[in-house]
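> Need coordinates for the below:
(one chain, ligands or ions: 1)
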Amino acid sequence: MSTRNYGRSSERMEDHLIENETSFYVKAEQYWKDIPPTVDGMLGGYGSISSIDINGSKKFLQKFLGEGKGKTRPGCALDCGAGIGRITKRLLLPLFRTVDLVDVTQEFLDKARSYLGEEGKRVENYFCCGLQDFQPQPDRYDVIWIQWVIGHLTDDHLEQFLRRCRSALRPEGLIVVKDNVAYEGVVPDEVDSSVCRDLSLLRRIVARAGLSIIHQEQQQNFPEEIYQVHILALR
Ligand SMILES: C[S@@+](CC[C@H](N)C(=O)[O-])C[C@H]1O[C@@H](n2cnc3c(N)ncnc32)[C@H](O)[C@@H]1O
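From the prediction side, this is the model:
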């Protein structure tokens, strides 16, 4: 999780960042390869906020879940940029029958197999793949959870990925994006090779992907020094 709030902002990330798209992705892969496969590693040293994060996500998701008409079914979830499975373990496996994980870092997925314990038997797939290349199976997922990873995709790749996620949803399915939000413009992080976008840019990308924001909240009770974190429900 990138918490560093420095660097100059601009209207589009491509303006100054993606001179070399390949190196944007390669540098991020390299960064994550050196990070320990722990909750603290996933959260950039803020492991202590994991419970607040998960509780906020659970409250958010439970508004939509159920077996009735119009409700999102508790069938299969996809955890995107899953890392070691922090969210799968405490949010998705308790609420869904099966879960798939996708992450670009093989070492994290290897760790997930032990970290998830007995309940991890309900994980059907561990996909090692960048989201920019990942093709989720059409009509498979009730919920696609995308947290603290969108900053690793270019605007165009994010749009295209969200479009593929839309096709991968079951009826009444939901995409949830939970991520840092910049006050204005696009703030690059040269250390982990990511960007933090403001809400208006994120909204434009969502709209270009053919999705609507059906609900949005700001995560409460996070430390003041980190970015604001917003949760968006899309379909
Ligand atoms: C800040 S961690 C968040 C992990 C998890 N979502 C969580 O909240 O605990 C970012 C994760 O994104 C993964 N990642 C980075 N770039 C990616 C990409 N292009 N495609 C898929 N995963 C990526 C990293 O390997 C890492 O596991």
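
> mind listing the strands for this protein?
Using DSSP state E, the strands of the chain run over 76-80, 98-103, 123-128, 141-147, 169-181, 186-189, 194-197, 213-218, 228-234.

> Tell me which of those sits nearest to W32.
strand 98-103 (8.5 Å; Cβ to Cβ). Yep, even glycine has a C-beta here, placed from its N, CA and C like the rest.

> how much space between I49 and L153?
23 Å (Cβ to Cβ, to the nearest Å).

> if I pick D192, what's in contact with it?
Listed by Cβ atoms under 8 Å, 6 or more residues apart in numbering, the contact set of D192 reads 2, 28, 31-32, 152.

> who's more crowded, I49 and L153?
Taking neighbours as other Cβ atoms under 10 Å, I49 and L153 compare with L153 leading, 25 against 18.

> Check the spacing between the residue nearest to D198 when sequence neighbours are not counted and L234 real quick.
In space, and not counting its chain neighbours, D198 is closest to A182: 4.5 Å by Cβ to Cβ, 6 or more residues apart in numbering. Distance from A182 to L234, counting by Cβ to Cβ: 19 Å.

> CA atoms only for stretch 214-228, dumped as CSV, please.
Taking C-alpha atoms only, stretch 214-228 is exported to CSV below (Å, rounded to 0.1, in the frame of the first residue of the first chain):
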residue,chain,number,x,y,z
ILE,A,214,-23.9,2.5,-7.3
HIS,A,215,-22.5,3.3,-3.9
GLN,A,216,-19.5,5.1,-2.5
GLU,A,217,-18.0,5.6,1.0
GLN,A,218,-14.9,6.9,2.6
GLN,A,219,-13.1,4.5,5.0
GLN,A,220,-13.2,6.0,8.4
ASN,A,221,-10.7,5.9,11.3
PHE,A,222,-7.5,5.5,9.3
PRO,A,223,-4.4,7.4,10.4
GLU,A,224,-4.4,11.1,9.4
GLU,A,225,-1.1,11.0,7.6
ILE,A,226,-2.1,8.6,4.9
TYR,A,227,-4.2,9.2,1.8
GLN,A,228,-8.0,9.2,2.1
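
> quick check, that stretch touching the ligand?
No - using Cβ under 6 Å from any ligand atom, stretch 214-228 stays clear of the ligand, coming no nearer than 11.9 Å.

> Over to stretch 141-154?
Yes - shown here: stretch 141-154 in contact with the ligand (Cβ under 6 Å from any ligand atom) through 147-149, 152.

> and those as TSV, adding neighbour count?
As requested, these are exported to TSV (neighbours: other Cβ atoms under 10 Å):
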residue	neighbour count
Q147	23
W148	23
V149	25
H152	25
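
> what about the protein, any weak spots by pLDDT?
1-19 (pLDDT under 70).

> ok, which residues in it are in contact with the ligand?
Residues of the chain lying near the ligand (Cβ under 6 Å from any ligand atom): 1, 28, 32, 42, 81-83, 86-87, 103-105, 108, 130-132, 147-149, 152.

> again, 5 Å this time
1, 28, 32, 42, 81, 83, 86, 103-105, 108, 130-131, 147-149, 152 (Cβ under 5 Å from any ligand atom).

> follow-up on the earlier one: among the contacts of D192, which ones are in helices?
28, 31-32 (DSSP state H).
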